[in-house]
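In: Provided below for reference: sequence and predicted model.
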Number of protein chains: 2
Amino acid sequence: MKKILVLFLLALQLSFGQSIHPTLLMTKKAVAEIKKDFDKYPLFNESFAKAKKAIDETLTKPMDVPFPKDAGGGYTHEKHKQNYNEMYIAGIMYQVTGDIKYALFIRDMLNQYAQMYPKLGKHPQGKIEMTGKLFWQTLNETVWLIHTIQAYDCIYDWLKPEERKLYKDNIFVPMCDYFLTECEEEFDRIHNHGTWMVTAVGMTGLVLDKKDFIEKSLHGSKLDDEGGFIPQLDKLFSPDGYYTEGGYYARYALWPFFIYAESLENNRPDLNIFKHRDSILKKAFYSALQMTYTNGAFMPINDALKEKTWLSQELVLASNVVFERYGHDLELLNLVKEQNQVSLTSAGLETAAALKEAKTIPPFSWKSISFVDGADGKQGGIGILRWGSKEDMETLLFKYSSHGLSHGHFDKLHFLFYDQGEEIIQDYGAARFLNVVQKFGGRYLPENDSYALHTVAHNTLVVDERSNFDFNRNKSENNPPSEYFYNADDPNFQFMSAKDFNSYPGVEMHRTMALVNDEKLDRPIVLDIFRIVSKDEHQYDLPFYYMGHLVDANFDYKAYVNEKTTMGNKNGYQHLWKDAEGKSNSTAIITWLNKHRFYSIITNADPSMNIYFTQIGANDPKFNLRNDQGIMLRKKAKDFVFTSIIQPHGEFDPTLEFTKNSYPDFENIKVLFNDSNFTAIDIEGKNGIKWIVLISNSDNKTDSKHTLKIGDKDFSWTGPITIIK
Amino acid sequence: MKKILVLFLLALQLSFGQSIHPTLLMTKKAVAEIKKDFDKYPLFNESFAKAKKAIDETLTKPMDVPFPKDAGGGYTHEKHKQNYNEMYIAGIMYQVTGDIKYALFIRDMLNQYAQMYPKLGKHPQGKIEMTGKLFWQTLNETVWLIHTIQAYDCIYDWLKPEERKLYKDNIFVPMCDYFLTECEEEFDRIHNHGTWMVTAVGMTGLVLDKKDFIEKSLHGSKLDDEGGFIPQLDKLFSPDGYYTEGGYYARYALWPFFIYAESLENNRPDLNIFKHRDSILKKAFYSALQMTYTNGAFMPINDALKEKTWLSQELVLASNVVFERYGHDLELLNLVKEQNQVSLTSAGLETAAALKEAKTIPPFSWKSISFVDGADGKQGGIGILRWGSKEDMETLLFKYSSHGLSHGHFDKLHFLFYDQGEEIIQDYGAARFLNVVQKFGGRYLPENDSYALHTVAHNTLVVDERSNFDFNRNKSENNPPSEYFYNADDPNFQFMSAKDFNSYPGVEMHRTMALVNDEKLDRPIVLDIFRIVSKDEHQYDLPFYYMGHLVDANFDYKAYVNEKTTMGNKNGYQHLWKDAEGKSNSTAIITWLNKHRFYSIITNADPSMNIYFTQIGANDPKFNLRNDQGIMLRKKAKDFVFTSIIQPHGEFDPTLEFTKNSYPDFENIKVLFNDSNFTAIDIEGKNGIKWIVLISNSDNKTDSKHTLKIGDKDFSWTGPITIIK
């Protein structure tokens, strides 16, 4: 009934010939609210004033719409980005202040684009990514259009009909047509580039009242729901909101989702877009936030730049819209406060008002949480275990998700560990310097393919020095690992486990990770049990890329002090310097220092295991890689269980000049028992630590009862894993 | 007259048999004030409560006075440190609260020390430094005594006479005798270790009323003023307060100076110690503060740990006493606030009161400033140029001081550069992990001698791959460089210059450094003109240890991507990996990225100059060194002028996803003219930058007029340096 009424009112409005512009993020209603209240709420007022100051300055300077020439970071690239941002802000300023100078600015700039755009061929720097005309990749071009169409919408009523026609005919329609024809594959792609493109075409459709653009934007270029916004909402996120490319890309992908969702809500309330698929946009947003560490940085799985945090511009609108549309979650105000700006929309106004009125802001809840991956929720997932408060939180991320599209890495059963606000066991992230011209125009560097994507760049198993699926992305996409168990109910014993039988033919991988706390310890340890089953012998390499300064190793090693060579010549090994190698007679212990705490890896070595100390950066003539260090455990075997503890311990205080517990508490780890049904691990340490960890390898039901006899001892327990102390 | 009156009153007090205890930092008057006001001023109240909470907890635990066994970081070492701190705090608590439990704690612990100390021989871990009995080095032992004698002083009146006798006979007197006989050389040494020792003996003398201890502490073991506190005040600091070991050691050395000065002021007001040598203690304190960067970290010349800031425990008492004794400088309250604690003394009380009452605290003034070195002010010095506010300050430190005693490095005419709150061109500091047992017991590591001390570890000239003075410390101490000019009057053109004719026989070094600002630039550049004069040909190496990620070099180079070797095999070169080498036809430009800004070195290369990219860490089997990178310019020549600009430029913003000015503004640098009288440099860059820098090499007077004809151009200027734009 309500829906019908809305449609009726819309029809009524149109039939009276009353203009609907602006009609995207800015609407007549939003403009009225902003005019009334823009100076009432400090954060909105500041955001508005800052934007106004910047655009007012711009208006005093000469305009430039240069002929496209440069890639990311270069002048013409950055200038066109600046131009769309300035038009966008000028549009808002025109609506709110009514000052005609802003409209003139947009018109003058659109005139220049209208002159130039029809003359443009494909961009000269177009390379790997889909080539645009204004920009080297269509991605930037869609962002240009999304901003520019909003500016145009804001001055639509003020423009003369012939001007409207000029921009429509010379810019907007041809650009959309270019996207729909030349870039049809990209348009229909279930991928963040696709989202940007359908958003650009759809918003243009809303403003130009071109129904075909709108429908194609929603249902794909062939209207068959193989592409388009609705299928993207249905396919890009898992049922619990996990975005298949990971949190870092969710950040970026969510931007067009929220821009277009907000625009659709204002024009097509019949779609009820914010409720679509059980409020999938809300789930997607929170899932992205949970993929950050306590410093707000996205945990950099897949191609990710470590500098990116939840303060990113892209999340400003999203945080405001989620606050507005999904019930005023006060925890979000932490993020809004840190972002220190709001979007110049009604959602931004509402959020700024809430921030002003909030008496106390509850802390943001980073949780132990797991996500399934894939539209069907059956493409593996991500497990995150956390312990402690924001000030000093341990966070363990375990990746058993699907490949993650074109930005995915070959890193099945990889993990990351954080503590003290720092990376402790790192993911390399991406080899890229965003927008730095000298670094391959700011694009992904060759070493991203030759190192960062490879399995050996991650904290997971490499078999026979080959990457997962022999670096075949399709195979990787089609064969995700599977979660075996995940349980974080007991903060002192949280555990997760996953299996992968496909990455290496004939080799079954089963990794179990846990955060284990105990009163004898300073804080929880990471338990890492990596079980491998194979009929044939292979070389198993397990690297750990630790962050910090090496303090000690409890075994003899040979250091290559005068001359060094590489760990190999392909699959990423060519980028690793071999700094040292050694063997340990029994449990190996390696300790490093990071800030104010020591960390040790304690692992079940034996004389047949080689242990390497490595440094990233070989075969890197342009110094594109960071020179971070790692250790690598190497074992030739059929079946094997790499069993390690990563212990944060002690304290290093150079200000008060004291140090304590620079040695770890654990001394011996060994595998007591291992077969297809059970694995049992024996752990010994100082102060009488004597633990037995028992895992059921074939039955993951929480209520199954197990018994196991090892030597003359009988063990019995319930569930897939237990620890006996 | 006043002095006589004081002595009279003191005599009167003693003659009436009234106890003088406590009489060191704690006095009867201080105790009365603290009792009255301790909860009135938040920072004192918190400091007091925190100390009380800690000692109250200690009192519930078993006491341990272990037989000495371990070096720094080990259990017995840390335990004895903990013990003296606890006794010290217990003493204060006894005086303020009157609670006998604190006195009992001190007595019980002293009883254990009184039993043990007479049995001790030299410490088993004693090595390089003077060996103690409780500790591996006497340095820790003197700190133990300084704290313990204060605790004893606090419970003196409460103790039974036989207890006093026991501690005096078994601990205090024999320990002082050990210092005065076995460690006589250390006692009389004009060095911070000497200061600690005379302070310990002197304070013990004040409490035990042993005049010989007091006199020897003031005038040396032979009372000849070759050692002792007064000669130390006269010789360890230059006339303007520069401490010859540098700011990092001033921080440490000032602690006993202020403890003993405060104790002397309370007992020997006739010495007027705070006014001694034109208030040298005040000058020394401020000079140390000026040796910090805006993050409070001491600029790490000589053996220095980079973690050390002005928040160090050692400066808490000093900042309070300087505030108390030298006219309530409100700027110091910045430091006090950051330290977030005050000393539990009358100075601490007074400072906390001022902090509570201060309405506004003026920002701390980091200044462009120069210091002379040496007691006579004629042993070279340090020049510091600064530009900008605390939030984003450029700081250039130029070192032309004397050697700096046993912690000095062979780094004549070395410099450090800071920007953005970061090290941009670094000093390695010291190869040491303080108190980390696994790292050589927390002592200086072998690589400190074999790398960090050597000339090649610094941003200065190495001739023929040998260190200054062929690594002979005595020669280095006796032949300081000399300041040639220093002037920071114009913030947009600040300059300094020094000469060294002794470090390398037959080679004259003359380095001029400036901060030059210009409206065409984002911010000031560093100008570095290193002029070398020699009759014979030598190999000149000039390294720059830049911090950040290499972005680009404008010349061809060969990178050693599969195998690397070292830069040499001695004098520190054995610790440098050779990553790449190249040649530039003309001006060489190397750019790197640090945080949000780009930095470039633009230098006058030519095809006969080799340019190396290096990484620290070769011949380091225990991974004791950081793997930091550097570039090295190598030129074979007789006379040569290395002429470089270090330019901070542009912006890298991954959050807003833009980059600007990633290329520097400077393109060409060449030496136009160079002889014994003048050097002229030609500098060209974008936007019409065309500068000529003119230096007078033999006349540094500010009012001298110079003329120079180069080609057909006549230049005339006044003073030792000018820049023509």
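Out: Done, it's in.
In: got the residues of the stretch 201-350 of chain A near chain B?
Out: Proximity of the stretch 201-350 of chain A to chain B is assessed by C-beta under 8 Å from any C-beta of the partner chain, with A:305, A:307-309, A:311-313 identified as the residues in range. Bear in mind the C-beta positions are built from the backbone N, C-alpha and C, glycine included.
In: again, only using 10 Å
Out: A:252, A:305-309, A:311-314, A:339 (C-beta under 10 Å from any C-beta of the partner chain).
In: cross the residues you listed against helices and list the overlap.
Out: Among these, the subset assigned to helices under DSSP state H consists of A:252, A:314, A:339.
In: assumed residue A:527 was part of a helix.
Out: No - counting by DSSP: H, G, I helix; E, B strand; the rest coil, residue A:527 is not found in a helix; it is strand.
In: quick one, what contacts it?
Out: Each residue near residue A:527 by C-beta atoms under 10 Å, 6 or more residues apart in numbering or on different chains is listed here: A:396, A:493, A:495, A:512-516, A:643-647, A:669, A:681, A:683, A:691, A:693, A:721, A:723.
In: sketch out the low-pLDDT regions of chain A for me.
Out: A:1-17, A:128-129 (pLDDT under 70).
In: ramachandran angles for the residue sitting nearest the centre point of chain A?
Out: Relative to the mean C-alpha position of chain A, the nearest C-alpha, by C-alpha atoms, centre = their mean, is the one of residue A:248, at 1.8 Å. Taking degrees, to the nearest 10, you get phi -60, psi -40 for the backbone angles of residue A:248.
In: wouldn't it be in contact with residue A:254 here?
Out: No - contact between residue A:248 and residue A:254 fails when scored by C-beta atoms under 10 Å: they sit 11.2 Å apart.
In: residue A:30: which element?
Out: When secondary structure is defined using DSSP states H and E, the element that contains residue A:30 is helix A:28-37.
In: output the contacting helices and strands for that helix.
Out: Packing contacts for helix A:28-37, counted by 3 or more C-beta pairs under 10 Å, 6 or more residues apart in numbering or on different chains; DSSP states H and E, involve helix A:42-59, helix A:75-97, helix A:247-267, helix A:346-357.
In: make a markdown table out of those helices and add distance to residue B:662.
Out: Listed next are the helices and strands packed on helix A:28-37 as a markdown table, based on distance: least, C-beta to C-beta, whole Å:
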| stretch | distance to residue B:662 |
| --- | --- |
| helix A:42-59 | 22 |
| helix A:75-97 | 11 |
| helix A:247-267 | 22 |
| helix A:346-357 | 32 |
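In: single out the most deeply packed of those.
Out: helix A:247-267 (a mean of 25; mean count of other C-beta atoms under 10 Å in any protein chain shown).
In: quick revisit: so what sits against both of residue A:248 and residue A:254?
Out: Shared contacts of residue A:248 and residue A:254, defined by C-beta under 10 Å, 6+ apart, comprise residue A:288.
In: quick one, strands of the stretch 101-250 of chain A?
Out: The residue ranges that make up strands in the stretch 101-250 of chain A, judged by DSSP state E, counting those that start in this stretch, are empty, as it has none.
In: again with the stretch 601-725 of chain A
Out: Using DSSP E, counting those that start in this stretch, the strands of the stretch 601-725 of chain A run over residues A:609-616, A:629-637, A:640-649, A:651-653, A:658-660, A:666-674, A:678-685, A:690-696, A:705-710, A:713-718, A:721-724.
In: who wins for proximity to chain B among those?
Out: With C-beta to the nearest C-beta, the closest approach to chain B among these belongs to strand A:658-660: 3.8 Å.
In: list the buried residues of that closest one.
Out: Residues of strand A:658-660 classed as buried: A:658-659 (neighbour count, 16 or more other C-beta atoms under 10 Å in any protein chain shown).
In: check whether it comes near chain B.
Out: Yes - contact of strand A:658-660 with chain B is found when judged by C-beta under 10 Å from any C-beta, involving A:658-660.
In: and the residues you listed as JSON lines, adding distance to residue B:428?
Out: Shown next, in JSON lines, are these (distance: C-beta to C-beta, whole Å):
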{"residue": "A:658", "distance to residue B:428": "24"}
{"residue": "A:659", "distance to residue B:428": "22"}
{"residue": "A:660", "distance to residue B:428": "27"}
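In: follow-up on the earlier one: quick one: which of the residues of the stretch 201-350 of chain A next to chain B is the most crowded by neighbours?
Out: Highest neighbour count within those, by other C-beta atoms under 10 Å in any protein chain shown: residue A:308, with 25 neighbours.
In: residue numbers of the stretch 51-200 of chain A in contact with chain B?
Out: Within reach of chain B by C-beta under 10 Å from any C-beta, the stretch 51-200 of chain A has these residues: A:72-75, A:77-78, A:81-82, A:85.
In: out of those, who's nearest chain B?
Out: residue A:73 (4.7 Å).
In: backbone phi and psi for residue A:657, please?
Out: For residue A:657, the backbone dihedrals (degrees, to the nearest 10) come out as phi 50, psi 50.
In: residue B:251 is in contact with that one, correct?
Out: No - with contacts counted by C-beta under 10 Å, residue A:657 stays clear of residue B:251, the gap being 11.6 Å.
In: please identify every residue contacting each of the two.
Out: Among the neighbours of residue A:657, those also in contact with residue B:251 (C-beta under 10 Å, 6+ apart) are B:308, B:312-314.
In: identify the farthest-apart pair in the residues you listed.
Out: With C-beta to C-beta as the measure, no two of those lie farther apart than B:308 and B:313, at 10.3 Å.
In: common neighbours of the two, please.
Out: By C-beta under 10 Å, 6+ apart, residue B:308 and residue B:313 have these common neighbours: A:655, A:657, B:251.
In: any chance of the residues you listed in a markdown table, plus distance to residue A:564?
Out: Listed next are these as a markdown table, based on distance: C-beta to C-beta, whole Å:
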| residue | distance to residue A:564 |
| --- | --- |
| A:655 | 36 |
| A:657 | 36 |
| B:251 | 38 |
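In: among those residues, which one sits closest to residue A:230?
Out: Among the shared contacts of residue B:308 and residue B:313, residue A:655 lies closest to residue A:230 (C-beta to C-beta), at 57.4 Å.
In: residues in contact with that closest one?
Out: Neighbour list for residue A:655: A:596, B:307-309, B:311-314, B:339 [criterion: C-beta under 10 Å, 6+ apart].
In: likewise residue A:344?
Out: Contacts for residue A:344 (C-beta under 10 Å, 6+ apart) come out as A:25-26, A:30, A:34, A:38, A:44, A:47-48, A:51-52, A:88-89, A:91-93, A:95-96, A:316-317, A:320.
In: chain B contacts on the stretch 351-500 of chain A?
Out: Within reach of chain B by C-beta under 10 Å from any C-beta, the stretch 351-500 of chain A has these residues: A:433-439, A:442.
In: of all those, which two lie farthest apart?
Out: Looking at these by C-beta to C-beta, the two members farthest from one another are A:434 and A:438, with 12.5 Å of separation.
In: which residues do those two both contact?
Out: When C-beta under 10 Å, 6+ apart defines a contact, the residues bordering residue A:434 and residue A:438 alike are A:73, B:659.
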